[in-house]
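> Quick one: sequence plus predicted model below, questions after.
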Amino acid sequence: MKKVIFLDIDGTLVLPSGEVSTRVKDAIFQVRKNGHYVFLCTGRNRGSIDDLMALGFDGAICSAGGYIEINNQKIYESFLSEADIREAREAFEKNHILYNMEATYITFSDDRMNEMFVKGSLDKGCMNSEMQRMINEQKNKFNMHDPKEYDNHPIPIHKICFIAEDRESLERVRKQLSYKYNFIVHDLFSTDTINGEIIIKGTNKGNAVQKVIEVLNIPIENTICFGDSMNDYEMIQTCQYGVVMENGTEELKKYATSICESVLEDGVALEMKRLGLF
């Protein structure tokens, strides 16, 4: 019977370099050749996954469930209201927490946010030239624009990401906004900062999975997913068979059907083979 496989991207599908290994590419090709569906299921927005979609997928869930497409056709999208955005921005700014705002094809982020993100990804002592290269690369990859452009010409926003320098500030924001948003804090990003995202309640990867299989007319018993972080929690809980990467967060592993090898060891390909998908 046809299965539907949902793949998280960062920490699951792609290596730290941003590439997909040849072994994993071949596995995805063989799985689809055998008649199964394979979807990307990511927190990234749609504009940042074109290079991956070119590898061959049946569709994508983006913005942690805020955007869904099947066979290049958009089937669903959800956005924050202007009041939601205004309240969140005011809370972050009051507590000196950096943030960005993700639309479908644009990310509104200032240079400080981008620089902090890149610094967290670099080894200590890395040359300034390398940091600048990565900053420029991030800007291009995520089609980053200055938040002032949003202020002048607002467009619909799916979700907001943040970088905080201390837990106390983040906790103040969480207390203010948790009635409306789910707060996802990612595992160790940097020893100096805390990064994560806020997603409006009701929008998540699990609900998006349900929407996809309804359109495809595939039962939930035929779903498999792969993830590594807590924004994959609802997806892992929803799918019949939830795989967590060895490099994934320990909390998420508690809910896994199985744990596969790390992204560095081609865990997705190895588990797909064990499951008889190719």
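Received, thanks.
> what's next to the host helix or strand of M101, contact-wise?
Here M101, judged by DSSP states H and E, is contained in strand 98-102. Among residues not part of strand 98-102, those counted as contacts by CB atoms under 8 Å, 6 or more residues apart in numbering are 45, 63, 85, 88-89, 92, 107-110, 112-113, 116, 144, 147, 150, 157-164. Heads up, the C-betas are built off the backbone N, CA and C, glycines and all.
> how does it look with 6 Å?
Where contact means CB atoms under 6 Å, 6 or more residues apart in numbering, the residues beyond strand 98-102 that reach it are 45, 92, 107-109, 112-113, 157-163.
> Kindly report the same for stretch 65-78.
46, 59-61, 104, 158-159, 203-205, 207-208, 211, 215.
> Give me the PyMOL select line for these, limited to the buried ones.
The PyMOL command for the buried members of those (criterion: 16 or more other CB atoms under 10 Å) is given here:
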select buried, resi 46+59+60+61+104+158+159+203+204+205+207+208
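> Just the ones in helices from the contacts of stretch 65-78, please.
Those of the contacts of stretch 65-78 mapping onto helices are 205, 207-208, 211, 215, per DSSP state H.
> pLDDT and distance to E271 added to those residues, as a markdown table?
Converted to a markdown table, the ones in helices among the contacts of stretch 65-78 look like this (pLDDT from 0 to 100; distance: CB to CB, whole Å):
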| residue | pLDDT | distance to E271 |
| --- | --- | --- |
| K205 | 98 | 18 |
| N207 | 98 | 24 |
| A208 | 98 | 21 |
| K211 | 98 | 25 |
| V215 | 98 | 25 |
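> of these, closest to I198?
Checking those against I198 by CB to CB gives K205 as the nearest, at 14.9 Å.
> and V243, which of the three is it?
Under DSSP: H, G, I helix; E, B strand; the rest coil, V243 falls in the strand class.
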